[in-house]
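**Q** Just need the structure, nothing else, for what follows:
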Amino acid sequence: MIARMRRRVTLLVILFIVLVTAGIVAAISIANYRGVERQAMAALETLTRRSGRPLRTTAQEAESTPPPKPDDDEDGEQEETGFFARFRRRGASGTGDGSSFGRQRPVPGQPMDMGDTAASLSSSYTIRLDGAGKVSSWSSDREELYSGEQVQALADEILASGQNRGRIGTQFFILSQREGSRTAVVLDARLEMESVRRVTLIAAATGALACFILGVAAFFLIRRMVAPVEEAFRRQRQFVWDASHELKTPLAVISANAQVLEDEVGENENLGYIRQEVERTNKLVQSLLSLARMENGTVKAERRPFDLSRTLLSAALPFESTVFEAGKKLETDIPEGVRAVGDEAMIRQLALILLDNALKYSEEGGKIRLALKPKGKGAVFSVANTGPGIDAADLPHIFQRFYRAEKSHSRETGGSGLGLAIAKELAEANGARIRAESREGLTTFTVTIG
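**A** Sure thing, here's the model as predicted:
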């Protein structure tokens, strides 16, 4: 039980670490992307206001006319702000012919998505369209990177998007109407977008490494923290095991002496009480030993296919006489041929515990019902009994050891509070699930196998 708890806590901690790390990486990526988007749009706003300068016509493209210089403000200083200023400063360190950052000058007309050339640097261009959506003229701060065909293809995509501003791939655009024609100002931010992608990959790799390190640390720390609890629980199990074995001998002696006295003096009320208590205590000891064996791994389930219908019938038929003597009624709904995978002896013991529990807690003249039905590759069987039911506050605790749902904790039913705890251990040993439901007048225990 402690080992299962340790594994669950470790998995929850690792899952929490992974989710937090993934959230941080996602936040970094989104923040970087939003930052690039805001800066790109701010630069586009500036470029749109300045787009009235002379434009390069497609007929002039072959003449390789140098791009027009940007306008100066009244003080004679170049207006450079934000994103646009940054890529201008990059170009200023080169020759202006595409050789910046040590790269070779690309051939005019090359594809815009060639990341191994200067085309990966941020650049802008202005496209003027006629009424038919054809490019009438265009200009760029780095015209050597683009061709008329590429510009026309992008213009077609912008018009097809139906938006006045947005992004196509790594290119942000603003489309405006002016003097009967349309003008598209485009900023190619592939360098910044590539930076965002790289930062995201680095953050993801760092996060994965951090998750691994923190996960390993969590595993060893939780193991170390739980070790004292696990040791205490191990000693408790050992004590129960030893005490149960030690109690078997005196109980057997008391029972034998009570029998001898009863043979000598005849039936005696006091001797009857002694024999009843010895029998009850002996059942308690056997239950404790069963739990100790399962927890210590001494008893393991031999899971193999078996006829579940036959197993349940073999448990229910001998039980009918006990139910009849108690003035109650047992009903069965068990179709033939239902098979399951598990330890047949354990499943039979589980069914007997549930039937015995139903007998104890059903009212006088009540009904007990054992039902079975196939479910996928497995099966489901249930034991239901009429009676006062179990309070909703007690339901989460009924599978705990020594827990008694009766408010008075009386012994009128003869129970020890271990039956359902053993039933849960038997179910889990066979990979089954057991649950309890109770409403006024009816309590049902359901076991799902497979």
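**Q** Just confirm Leu291 is within a helix.
**A** Yes. Residue state for Leu291 (DSSP: H, G, I helix; E, B strand; the rest coil) corresponds to a helix.
**Q** burial count for it?
**A** 19 (other CB atoms under 10 Å). C-beta coordinates here come from the backbone N, C-alpha and C atoms, glycine included.
**Q** Over to Ala256?
**A** 11.
**Q** Tell me the helices and strands packed up against the helix or strand hosting Asn385.
**A** Following DSSP states H and E, one finds Asn385 within strand 378-387. Applying 3 or more CB pairs under 8 Å, 6 or more residues apart in numbering; DSSP states H and E, one finds that strand 378-387 contacts helix 308-316, strand 339-342, helix 344-361, strand 367-375, strand 441-449.
**Q** what about these, which gets the closest to Val278?
**A** helix 344-361 (19.4 Å; CB to CB).
**Q** So which elements touch the closest one?
**A** Against helix 344-361 (3+ CB pairs under 8 Å, 6+ apart) you get strand 304-307, helix 308-316, helix 319-325, strand 367-375, strand 378-387, helix 419-429, strand 441-449.
**Q** Report the inter-axis angle for it versus strand 441-449.
**A** 170 degrees (axes from the mean of the first three to the mean of the last three CA atoms, to 10 degrees).
**Q** and the residue lying closest to Ile14 once chain neighbours are set aside, how many neighbours?
**A** The shortest distance from Ile14 to any non-neighbouring residue, by CB to CB, 6 or more residues apart in numbering, is to Gly215 (4.5 Å). If you count neighbours by other CB under 10 Å, Gly215 ends up with 16.
**Q** Dump the helices and strands packed on strand 378-387 into TSV; add mean neighbour count, distance to Val20 and mean pLDDT as well.
**A** Below are the helices and strands packed on strand 378-387 laid out as TSV (neighbours: other CB atoms under 10 Å; distance: least, CB to CB, whole Å; pLDDT from 0 to 100):
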stretch	mean neighbour count	distance to Val20	mean pLDDT
helix 308-316	20	45	92
strand 339-342	22	40	91
helix 344-361	21	41	90
strand 367-375	18	38	93
strand 441-449	19	35	92
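**Q** The ones you listed: which one's closest to Asp391?
**A** strand 441-449 (10.9 Å).
**Q** Put the alpha carbons of that closest one into PDB.
**A** Provided in PDB are the C-alpha atoms of strand 441-449 (Å, rounded to 0.1, in the frame of the first residue of the first chain):
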ATOM      1  CA  GLY A 441     -33.400   0.500   1.200                       C
ATOM      2  CA  LEU A 442     -30.700  -1.000  -1.100                       C
ATOM      3  CA  THR A 443     -26.900  -1.500  -0.900                       C
ATOM      4  CA  THR A 444     -24.900  -2.800  -3.900                       C
ATOM      5  CA  PHE A 445     -21.300  -3.900  -4.200                       C
ATOM      6  CA  THR A 446     -20.000  -4.200  -7.800                       C
ATOM      7  CA  VAL A 447     -16.900  -6.000  -8.900                       C
ATOM      8  CA  THR A 448     -15.500  -5.300 -12.400                       C
ATOM      9  CA  ILE A 449     -13.000  -7.900 -13.700                       C
END
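**Q** So which residues make contact with that strand?
**A** For strand 441-449, contacts defined as CB atoms under 8 Å, 6 or more residues apart in numbering pick out 308, 340-342, 347, 350, 354, 357-358, 361, 375, 378-390, 423, 427, 430-438.
**Q** My read is that Thr126 contacts Ser181, right?
**A** No. With contacts counted by CB atoms under 8 Å, Thr126 stays clear of Ser181, the gap being 12.0 Å.
**Q** Of these two, which one has the most company?
**A** More crowded of Thr126 and Ser181, by other CB under 10 Å: Thr126, with 22 against 13.
**Q** Tell me if I am right that that one is in a helix.
**A** No. Counting by three-state DSSP, Thr126 falls outside a helix, being strand.
**Q** tell me the contacts of it?
**A** Thr126 neighbours (CB under 8 Å, 6+ apart): Leu47, Ser51, Leu55, Trp138, Ser139, Ser140, Thr183, Ala184, Val185, Val186.
**Q** Could you tell me the angle between the strand holding Asn385 and strand 367-375?
**A** If you take the same axes, to 10 degrees, strand 378-387 sits at 160 degrees to strand 367-375.
**Q** May I see the buried residues of strand 378-387?
**A** Gly378, Ala379, Val380, Phe381, Ser382, Val383, Ala384, Asn385, Thr386, Gly387 (16 or more other CB atoms under 10 Å).
**Q** How about Leu251: what's its closest non-neighbour residue?
**A** Leu251's closest residue in space is Asn282 (CB to CB, 6+ apart), at 5.2 Å.
**Q** try Glu45
**A** In this structure, Glu45 finds its nearest non-sequential neighbour in Ile174, 7.3 Å apart by CB to CB, 6+ apart.
**Q** Now do the strands in the chain.
**A** Applying DSSP state E to the chain gives strands spanning 123-129, 135-140, 165-168, 171-178, 181-188, 304-307, 329-333, 339-342, 367-375, 378-387, 433-439, 441-449.
**Q** so which of these gets nearest Arg235?
**A** With CB to CB, the closest approach to Arg235 among these belongs to strand 433-439: 28.2 Å.
**Q** Name the surrounding residues that touch that closest one.
**A** 350, 389-392, 395, 398-399, 423-424, 427, 443-448.
**Q** go again using 7 Å as the cut-off
**A** The contact list for strand 433-439 (CB atoms under 7 Å, 6 or more residues apart in numbering) reads Gly389, Ile390, Leu395, Ile398, Ala423, Lys424, Ala427, Thr444, Phe445, Thr446, Val447, Thr448.
**Q** same deal with stretch 8-26?
**A** Taking CB under 7 Å, 6+ apart as the rule, stretch 8-26 contacts Thr200, Ala203, Ala204, Gly207, Ala210, Cys211, Leu214, Gly215, Ala218, Phe219, Ile222.
**Q** Quick check: the gap between the nearest residue to the last one once chain neighbours are set aside and Ile24.
**A** What that stands for is Ile222. In space, and not counting its chain neighbours, Ile222 is closest to Thr10: 5.1 Å by CB to CB, 6+ apart. Thr10 sits 21 Å away from Ile24, taking CB to CB, to the nearest Å as the criterion.
**Q** about what we covered before: do you know how far the residue nearest to Ile14 is from Thr311?
**A** 43 Å.
**Q** hmm, back to that, for Glu192, state which of the contacts of strand 433-439 is nearest.
**A** For those, the nearest to Glu192 is Thr448 (55.5 Å; CB to CB).
**Q** Ignoring the adjacent residues along the chain, who's closest to Ala210?
**A** That would be Thr21: by CB to CB, 6+ apart, it lies 6.1 Å from Ala210.
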